[in-house]
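**Q** sequence first, then the predicted structure, then my questions.
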Amino acid sequence: MNQFTFSIHSIGFDEHYQPANNTRITTNFANLARGERRQQNLRNTLAMINQRFNSLVSWDNPDSNRYSVQLDIISVDIQIENTSAGHNKQFPAIEVLKTSIIDHKTNQAIEGIVGNNFSSYVRDYDFSVVLLEHNKNQPGFSIPEQFGDLHGKLFQSFVNSEAYQQHFHKKPVICLSVSDNKTYQRTNNQHPVLGVEYLPNETSLTEQYFKKMGLDVRYFMPAGSAAPLAFYFFGDLLNDYSNLELASTISTMETFQRIYRPEIYNAHTQAGERYQPNLKNRDHALTDIVYDREERSRLAVEQGKFAQEHFIKPHSSVLEQWAAQQQ
């Protein structure tokens with residue numbers, strides 16, 4: 001009998017944060033916490049998040065300092081119980097962020113949203129090993145059969161697991177950058193915190209991949225933002241979460257995007273009625289936070305191979321059998 005279980009542990013993301021050994025070092029928060037300027041990077045990032053949050057929730061907040069956002073890194077290990085072989089194996093499956101909002105006026109801690117950033121070794125394997133290998137000698141780009149199926153089933157299994165239910169009260173929301181391969185059209189639909197909704201001209205591989213994880217997507221540009229953000233969610237994004245919860249996700253993930261994709265999210269010109277992101281846009285400002293973009297791209301391949309060697313290959317029969325049993 002083969003079975004998967006999940007274990008969850010967390011660590012605070014603050015100016016003293018040190019990445020764990022099994023953390024994907026290309027992950028947003030881990031990339032910032034390395035090098036000579038690591039502590040300054042972390043301080044500046046957290047200050048940007050708090051400033052942005054207060055700008056989004058301006059009601060009863062005349063001095064724009066009522067709130068601060070606390071972040072916890074949620075690490076999820078998958079336990080592979082192979083009782084027929086008489087041994088168990090553990091693998092670092094997923095890392096996400098959880099927000100909490102501190103109201104300094106009432107001295108209350110308000111639960112935020114889990115998800116936000118999304119990190120996965122198996123996703124690295126799919127995109128940096130499987131997809132690249134499939135298209136290596138192809139005349140054109142194509143997607144392999146069953147691409148992302150295993151990852152999607154693993155993620156949904158985690159969200160529906162007892163471990164998730166014990167730790168979190170709501171389903172996750174993941175917030176990503178828009179794609180520079182698509183065009184987005186502004187609509188008349190507007191939310192008080194999420195802002196103006198945009199519609200893409202076509203679907204993308206990322207959307208298809210996250211759909212297999214059970215997630216729908218909508219695109220909104222909050223007031224004061226330069227470009228829309230992609231919100232991946234279960235259920236009803238606009239009604240299942242409070243304004244404070246949504247603001248915590250926007251402030252956190254827009255800050256990361258301003259650091260990593262300043263050409264889009266720190267651009268001097270705001271997205272208009274019809275918007276196509278441009279990673280070669282020169283009309284943008286850099287933050288004073290240091291990161292290594294080239295290293296992130298290179299290490300994604302190494303991390304994908306890590307998943308292949310330590311998870312996919314050793315447990316291929318177990319994974320195939322388990323995936324076949326999932327609806």
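**A** Structure's in. What do you need? From a predicted model like this one, the values you see are computed outputs, not experimental measurements. Numbering: from 1, shown residues only.
**Q** next, count neighbours for Q18.
**A** Applying other Cβ atoms under 10 Å, we find 10 residues neighbouring Q18. Any C-beta I mention is one placed from the backbone N, CA and C, and that applies to glycine too.
**Q** can you tell me the SS state at it?
**A** Here Q18 is coil, with the state taken from DSSP: H, G, I helix; E, B strand; the rest coil.
**Q** and it, what pLDDT?
**A** Model confidence at Q18, expressed as pLDDT, equals 77.
**Q** cool, K313 as well?
**A** So K313 comes in at 92 (pLDDT).
**Q** for it, the count of nearby residues, please.
**A** Using other Cβ under 10 Å, K313 is surrounded by 10 other residues.
**Q** any idea how far it lies from G148?
**A** From K313 over to G148 the distance is 18 Å, taken as Cβ to Cβ, to the nearest Å.
**Q** run through the stretch 151-300 of the chain and note the low-pLDDT ranges.
**A** Within the stretch 151-300 of the chain, the stretches falling below the threshold (pLDDT under 70) are 290-298.
**Q** mind running it again at 90?
**A** The model of the stretch 151-300 of the chain has pLDDT under 90 over residues 259-260, 286-300.
**Q** so what does the nearest residue to I102 once chain neighbours are set aside look like in phi/psi?
**A** Leaving aside its sequence neighbours, I102 sits nearest to S68 (Cβ to Cβ, 6 or more residues apart in numbering; 4.8 Å). Dihedral pair for S68: phi -140, psi 160, per degrees, to the nearest 10.
**Q** I'd say P228 and Y275 touch.
**A** Yes. Under the criterion of Cβ atoms under 8 Å, P228 lies in contact with Y275, with a separation of 7.1 Å.
**Q** so for the two, which sits in the more crowded spot?
**A** Here P228 and Y275 are compared on neighbour count by other Cβ under 10 Å; more neighbours surround P228, at 27 against 21.
**Q** next one: the more buried one from T5, what distance?
**A** If you measure P228 against T5 using Cβ to Cβ, the figure is 38 Å.
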